[in-house]
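Colleague: Generate a structure from the sequence data that follows.
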Amino acid sequence: MRTEETRGRHRHGPGFTIIELVMVIVMIGLLTAIALPRINLTRMKADGAARLVRMVVMNAQRTSITRQSNTIVSFDLTNSRIRVVEDYNNNDTLNTTDRVYWRGLPEGVRFITPTMARVIGGTASAALVGSALRTVASYPSVTFRRDGSASSDAEIYFSARATVATDFRAMTVSPSTGRSDLYRWTGTAWVRMTQ
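Modeller: Residues are numbered from 1 along each chain as shown. Alright, predicted model coming up:
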């Protein structure tokens with residue numbers, strides 16, 4: 001027969017007390033309060049957009065080499081999107097038989113003329129700058145040739161917040177190799193981003 005004393009010792013199985021649960025919740029809250037201010041979502045969005053633009057350009061270059069036909073990358077600066085045309089007959093125009101696809105920038109990211117100096121120096125006059133850019137079906141464009149080279153040098157500027165200089169990103173394209181590089185504005189200079 002059980003007495004009052006033995007019943008008290010065998011009350012419940014393993015578990016957490018309410019005090020332990022409250023302490024865990026308080027510690028999670030403190031860690032969140034410390035870590036959250038260090039996360040800048042708009043800079044993360046700008047970095048993601050930079051990587052997206054570079055990925056589209058690099059894929060266009062690879063496609064031109066693999067398929068041995070030109071690939072035209074056009075920039076719709078107004079609607080913040082990129083058009084890629086697989087130019088099967090290599091005539092540097094958009095035909096009905098060419099494969100065309102679009103890629104938009106992430107929500108809130110826009111092609112924008114920078115207020116600071118260009119990556120290579122000087123003042124930018126537009127969000128897309130290049131010495132030999134061509135207009136293909138209404139959009140400024142860079143064509144990647146079958147050897148991977150580009151038809152023009154290019155600098156493309158975009159930002160998640162135009163009012164915050166450190167949210168500006170840029171991508172450059174080298175004409176001889178078609179190589180693309182990403183840059184971010186630190187507030188004083190353009191610095192190459194790690195890929």
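Colleague: Excluding chain neighbours, what is closest to S80?
Modeller: Counting by Cβ to Cβ, 6 or more residues apart in numbering, S80 lies nearest to L105, which is 4.4 Å off, once chain neighbours are set aside. C-beta: built from backbone N, CA, C; applies to glycine.
Colleague: pretty sure the one you found is in contact with G48, am I right?
Modeller: No. Counting by Cβ atoms under 8 Å, no contact exists between L105 and G48, whose distance comes to 9.5 Å.
Colleague: So for those two, which sits in the more crowded spot?
Modeller: Taking neighbours as other Cβ atoms under 10 Å, L105 and G48 compare with L105 leading, 22 against 15.
Colleague: Ramachandran angles for the more buried one?
Modeller: Backbone geometry at L105, expressed as degrees, to the nearest 10, gives phi -70, psi 160.
Colleague: Quick check: the gap between it and Y183.
Modeller: Remark: distance between L105 and Y183 (Cβ to Cβ, to the nearest Å) = 17 Å.
Colleague: in the chain, which spans are helices?
Modeller: 4-9, 18-35, 41-67 (DSSP state H).
Colleague: still on that earlier bit, which ones are touching the residue nearest to S80?
Modeller: Taking Cβ atoms under 8 Å, 6 or more residues apart in numbering as the contact definition, L105 lies against 49, 52-53, 80-82, 111, 158.
Colleague: Spell out for me which residue occupies the centre of this structure.
Modeller: The centroid of the chain falls nearest to A49 when counting by Cα atoms, centre = their mean (1.8 Å).
Colleague: Look up the closest residue to that one, ignoring the ones flanking it.
Modeller: V109 (4.1 Å).
Colleague: Distance of the one you found relative to I120?
Modeller: V109 sits 23 Å away from I120, going by Cβ to Cβ.
Colleague: Equivalent analysis for A132, please.
Modeller: From A132 to I120 the distance is 15 Å (Cβ to Cβ).
Colleague: do the same with N70
Modeller: Relative to I120, and taking Cβ to Cβ, N70 is found at 26 Å.
Colleague: which of those two has more neighbours?
Modeller: Set side by side, N70 and I120 show more neighbours around N70, with 22 against 11, by other Cβ under 10 Å.
Colleague: wait, doesn't D47 sit right on M171?
Modeller: No. D47 is beyond contact range of M171, at 11.9 Å (criterion: Cβ under 8 Å).
Colleague: Compare those two (neighbour count), which wins?
Modeller: Ranked by neighbour count (other Cβ under 10 Å), D47 and M171 place M171 first, with 22 against 17.
Colleague: which residues touch that one?
Modeller: Contacts of M171 by Cβ under 8 Å, 6+ apart are 50, 53-54, 57, 154-156, 180-183.
Colleague: G187 too?
Modeller: Shown in contact with G187 (Cβ under 8 Å, 6+ apart): 165-166.
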